[in-house]
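Enquirer: Give me the fold of what follows.
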Amino acid sequence: MDTLSSMRMFSRVAEEGSFTAAAQRMNTSTAATSRAIASLEAHLKARLLHRSTRRVILTEAGRRYLQRCEQILACVDQAEAEAADARLRPAGHLRIHASTSLGQSYVVPAIVHYQEQHPTVSIDLTLSQHTPDIIDEGYDLTVQATIADLPDSSLVAQRLGTVHSVLCASPRYLNEHGTPRTLEELSRHRCYQLVSTIFPRDSWRFEGPNGIETFPLPKADFGVNVAGALAVALCEGMGIGALPMSTARAALTSGVLVRVLPEYRLQSLTLHALYPSRQYLNAKVKTFVEFIKDFFPSILESDAADLG
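Expert: Have a look, this model is predicted:
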């Protein structure tokens, strides 16, 4: 027995005072209406209605049950309306995950501008270097960067664009150790790779004048998994390191860092927004994904222009 449907039927019969009138309102037959009420009474083991050939009257138990039914049905109707509205109007709490450097450089600015358009959406952004299970961990979406194609999964992926990294060092380090002019000369320097599940620890893959070239990295005496922290180490003169252009830009502009081998850039990364399902997609997720698909290209174009 569908208890909720039976409760709706009972409430309609009580309102109309007639099985026939209730059946017409519910677009069903009088016999089906009568069976539904009989099943409900059998389930409750209580008589809810007194029946006669002319009218239907609530019993005492029926009056008490009707009050509860009306409260429950009102809550159900409100819940359904709110759920339907969530697909139409962005509102509520949006949980987003992103890697630290991507979040700081791209996602935070996007959130600021998104909330100017959608002030009814509150956002909780988590920045970390691990790739989350967004369903188990309760995220609405994540922004991730990959070198290769995304692994097969049940998640929906929206491509946002590409980013690159560049080699940087402080002027002090280069004055003391010299500025490499070729990849061969680079091998005589202290080189630092960002610790990441995306990049290999033992090599750099360059895109340059000779196409794709791989440079073997010696074992480093320092590793860190956040681009901003590596940038601090490079500014202090630690050596030469690979930084995302978005992280390096401010230090390069101010002269605290200098680009090394400017004719080279590291292999491109593809950015994606990942979320669980297209079906019945919540309006807050849908509008945010649509927003960053439009917003990211302008930032990424700026990065590309700085790459030269």
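Enquirer: hey, let's count contacts and neighbours off CA atoms from now on
Expert: Noted.
Enquirer: Rank the helices and strands of this structure by mean pLDDT and give me the bottom one.
Expert: Least confident helix or strand, the chain: helix 60-86 with a mean of 80, by mean pLDDT, DSSP states H and E.
Enquirer: Given the helix or strand just after it, what are its sheet partners and their directions?
Expert: Scanning forward in sequence from helix 60-86 by DSSP states H and E, the next helix or strand is strand 92-98. Sheet pairing here is set by DSSP bridges, and for strand 92-98 it gives strand 121-127 (parallel), strand 141-146 (parallel).
Enquirer: what is the orientation angle of the least confident helix or strand of the chain with strand 92-98?
Expert: 50 degrees (axes from the mean of the first three to the mean of the last three CA atoms, to 10 degrees).
Enquirer: number of nearby residues for residue 50?
Expert: When neighbours are counted by other CA atoms under 10 Å, residue 50 registers 11.
Enquirer: go on, the one 5 residues further on?
Expert: Residue 55 sits with 11 neighbouring residues when counted by other CA under 10 Å.
Enquirer: Was I right to think it contacts residue 21?
Expert: No - assessed by CA atoms under 8 Å, residue 55 is found out of contact with residue 21, at 10.8 Å.
Enquirer: circling back: single out the most deeply packed of the strands paired with strand 92-98.
Expert: strand 141-146 (a mean of 22; mean count of other CA atoms under 10 Å).
Enquirer: Which residues outside it are in contact with it?
Expert: Contacting residues not belonging to strand 141-146 are listed as 95-99, 102-103, 131, 134, 198, 269-276, 285 [CA atoms under 8 Å, 6 or more residues apart in numbering].
Enquirer: among the residues you listed, which ones are buried?
Expert: Of the members of the contacts of strand 141-146, the ones counted as buried by neighbours, 16 or more other CA atoms under 10 Å, are 95-99, 102-103, 134, 269-276, 285.
Enquirer: For this structure, which segments count as strands?
Expert: For the chain, applying DSSP state E gives strands covering 49-51, 56-58, 92-98, 121-127, 141-146, 156-163, 165-169, 191-192, 203-208, 211-216, 240-244, 258-260, 265-266, 269-275.
Enquirer: of those strands, which approaches residue 301 most closely?
Expert: Taking CA to CA as the criterion, strand 156-163 is the member of the strands of the chain that comes nearest to residue 301, at 9.3 Å.
Enquirer: Where does the prediction get shaky in the stretch 51-200 of the chain?
Expert: For the stretch 51-200 of the chain, applying pLDDT under 70 flags the ranges 53, 81-88, 148-152.
Enquirer: For stretch 253-267, which outside residues touch it?
Expert: Outside of stretch 253-267, the residues within contact range by CA under 8 Å, 6+ apart are 147, 164-171, 179-182, 204-209, 234-235, 240, 242, 248, 251-252, 307.
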